[in-house]
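Student: Got a predicted structure here, sequence first:
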Protein chains: 2
Amino acid sequence: MSLKYTLLGFLNYQPMTGYELKQTMDISTSNFWHAKQSQIYTTLKKMEEKGLVMSDIEEQNGRPNRRVYKVTESGRAALQTWLKKPVMELQAHKELLLLKLFFSADQDKQALLTQLNWQRDLHQQRLAVYQGETKAVIEQFARMMPGGEQNAVLWNATRRFGVMFAQMSIKWLDETIKKIED
Amino acid sequence: MSLKYTLLGFLNYQPMTGYELKQTMDISTSNFWHAKQSQIYTTLKKMEEKGLVMSDIEEQNGRPNRRVYKVTESGRAALQTWLKKPVMELQAHKELLLLKLFFSADQDKQALLTQLNWQRDLHQQRLAVYQGETKAVIEQFARMMPGGEQNAVLWNATRRFGVMFAQMSIKWLDETIKKIED
DNA sequence: CGCACCATGTAATGCGTTACATGATTTT
DNA sequence: AAAATCATGTAACGCATTACATGGTGCG
């Protein structure tokens, strides 16, 4: 269960609500780790039961109270243990597009090509986000945080992975489209 | 639920047991779609209840009877419907390595580098598999099957994705290792 | 003699999504 | 006037893994 550690990681920067954690993930880790709002709330609840985090309620008028979470010592220790445990295997992936393609020998050629071109567009758009928005967010956070430069190196490495993955996908789609056209 | 369609796809080539379906997936789709033996068995059972497949038992002495599944007309129709529905979104991925890296600013540099080098080795090994074993399996299947050439084009496209992903990962790891070293 | 392969399944548990339920404030 | 944002949560369901349970055959 890695969502747990993602939340610990962010709360280790500063205390936040479940709502803010969702927003933070959406602009930072979402391209390699994402979660729905509901899962974040339920996970935080379980984490509090286990003593990894603690919450204080900030009362508000006219809208629901904010439940602000912070990491406990035990949570900090759990995060460190997890970070120090190296990833020794290749991770398995699921690629829906490849699965469909694999079984598509008898499908309409034109429909297939349309779909591949559509995917190409999506990767192109994503690429633009990485090179614009994502880059800006990293620079901004790095300026705000103490020790921001060291973080920025790693954050940019994850961004760079996104860029390279999108570029690779576009290249693969171009190749594949050509092969199918013959 | 795509495992269902994966199983229909293979059974559409020829009737098989759950055990054989697992083996088939392991040498063909496993790098973009995998499943555990137990999940395959339970999924086949549910599919039979819904009338997508039918099973016959082949009795054996000295070992468990083989339950051989075949697609029904309804199953064939479901497979076609699924294949014709285009993938319109980018798929979200989870990358454990990137997640850890993201939060690793305060971690030991050397441990980090060791881990990244280890991952590089794994990708290199995987690359060799794609270019040896996987290639051979595709050629063999394409020779055996009627209409094998059209299938081979698509199967090789999925293999090519694997190759390009591994190459991209190696390049990214090399870059990232260099950046962390400074 | 031990290990891998053949061959089936169930039960418990965990991870993740969708749907449900509520409602004021701010922006377009 | 409508839509997005802020803000919380629960319930039901589906997908996936791990562990449990069994046991003969064939190979080195």
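Tutor: Sure thing, it's come through. None of these values were measured; they are calculated from a predicted model.
Student: Tell me which other helices or strands the strand or helix carrying A:V129 touches.
Tutor: Assigned by DSSP states H and E, A:V129 belongs to helix A:109-129. Secondary-structure packing of helix A:109-129 (3 or more C-beta pairs under 8 Å, 6 or more residues apart in numbering or on different chains; DSSP states H and E): helix A:96-102, helix A:148-181. Quick note: C-beta positions are derived from backbone N, CA and C, even for glycine.
Student: Give me the domain ranges for chain A.
Tutor: The record's domain parsing of chain A by automatic domain parsing lists A:3-84, A:96-181.
Student: circling back: between helix A:148-181 and the helix holding A:V129, find me the angle.
Tutor: 160 degrees (axes from the mean of the first three to the mean of the last three C-alpha atoms, to 10 degrees).
Student: ok, the residue in chain A that DNA strand C sits nearest to - contacts?
Tutor: Closest to DNA strand C within chain A is A:M1: 2.8 Å, counting by C-beta to the nearest atom of the strand. Residues near A:M1 by C-beta atoms under 8 Å, 6 or more residues apart in numbering or on different chains: none.
Student: What of the one 10 residues further on?
Tutor: Residues in contact with A:L11, defined by C-beta under 8 Å, 6+ apart, are A:21, A:53, A:69-71, A:75.
Student: which one of those is nearest B:I180?
Tutor: A:V71 (25.6 Å; C-beta to C-beta).
Student: Compare the domains of chain A and give me the one nearest DNA strand D.
Tutor: domain A:3-84 (2.9 Å).
Student: For that closest one, give the mean pLDDT please.
Tutor: Domain A:3-84 carries an average pLDDT of 96.
Student: Relative to the whole chain's centre, how far out is that domain?
Tutor: From the chain centre to the centre of domain A:3-84 is a distance of 15 Å (C-alpha atoms, centre = their mean, to the nearest Å).
Student: ok, back up a step: got a quick PyMOL command for the buried subset of the contacts of A:L11?
Tutor: Per 16 or more other C-beta atoms under 10 Å in any protein chain shown, the buried members of the contacts of A:L11 correspond to this PyMOL selection:
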select buried, chain A and resi 21+53+69+71+75
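Student: nearest to chain B, of the contacts of A:L11?
Tutor: A:V71 (12.3 Å; C-beta to the nearest C-beta).
Student: could you dump the domains of chain A to TSV with distance to B:V137?
Tutor: Shown next, in TSV, are the domains of chain A (distance: least, C-beta to C-beta, whole Å):
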stretch	distance to B:V137
domain A:3-84	30
domain A:96-181	13
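Student: do you know which of those domains lies nearest B:Q131?
Tutor: Per C-beta to C-beta, nearest to B:Q131 of the domains of chain A: domain A:96-181, 15.9 Å.
Student: sorry, back to before: from the contact counts, what lies against the helix or strand just after the helix holding A:V129?
Tutor: Per DSSP H and E, helix A:109-129 leads on to helix A:135-144 as the next helix or strand towards the C-terminus. Helix A:135-144 sits against helix A:148-181, with contacts defined as 3+ C-beta pairs under 8 Å, 6+ apart.
Student: Contacts only, for the residue nearest to A:D108 when sequence neighbours are not counted.
Tutor: Of all residues not flanking A:D108 in the chain, B:K84 sits nearest, at 8.0 Å (C-beta to C-beta, 6 or more residues apart in numbering or on different chains). Applying C-beta under 8 Å, 6+ apart, we find B:K84 in contact with A:107-108, A:111.
Student: Filter those down to the buried ones and hand me the PyMOL line.
Tutor: Only the buried entries of these go into this PyMOL selection, using 16+ other C-beta under 10 Å:
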select buried, chain A and resi 107
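Student: between the contacts of B:K84, which is closest to B:R143?
Tutor: Lowest distance from B:R143 to these (C-beta to C-beta) belongs to A:Q107, with 22.2 Å.
Student: Just give me the residue closest to the centre of chain A.
Tutor: A:S30 (2.3 Å; C-alpha atoms, centre = their mean).
Student: Can you tell me which residues in chain A are near DNA strand C?
Tutor: Applying C-beta under 7 Å from any atom of the strand, we find that chain A lies next to DNA strand C at A:1-3, A:34-36, A:38-39, A:42, A:62-64.
Student: related to what we said a few turns ago, JSON lines please, covering the contacts of A:L11 and showing secondary structure.
Tutor: Shown next, in JSON lines, are these (DSSP: H, G, I helix; E, B strand; the rest coil):
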{"residue": "A:L21", "secondary structure": "helix"}
{"residue": "A:V53", "secondary structure": "strand"}
{"residue": "A:Y69", "secondary structure": "strand"}
{"residue": "A:K70", "secondary structure": "strand"}
{"residue": "A:V71", "secondary structure": "strand"}
{"residue": "A:G75", "secondary structure": "helix"}
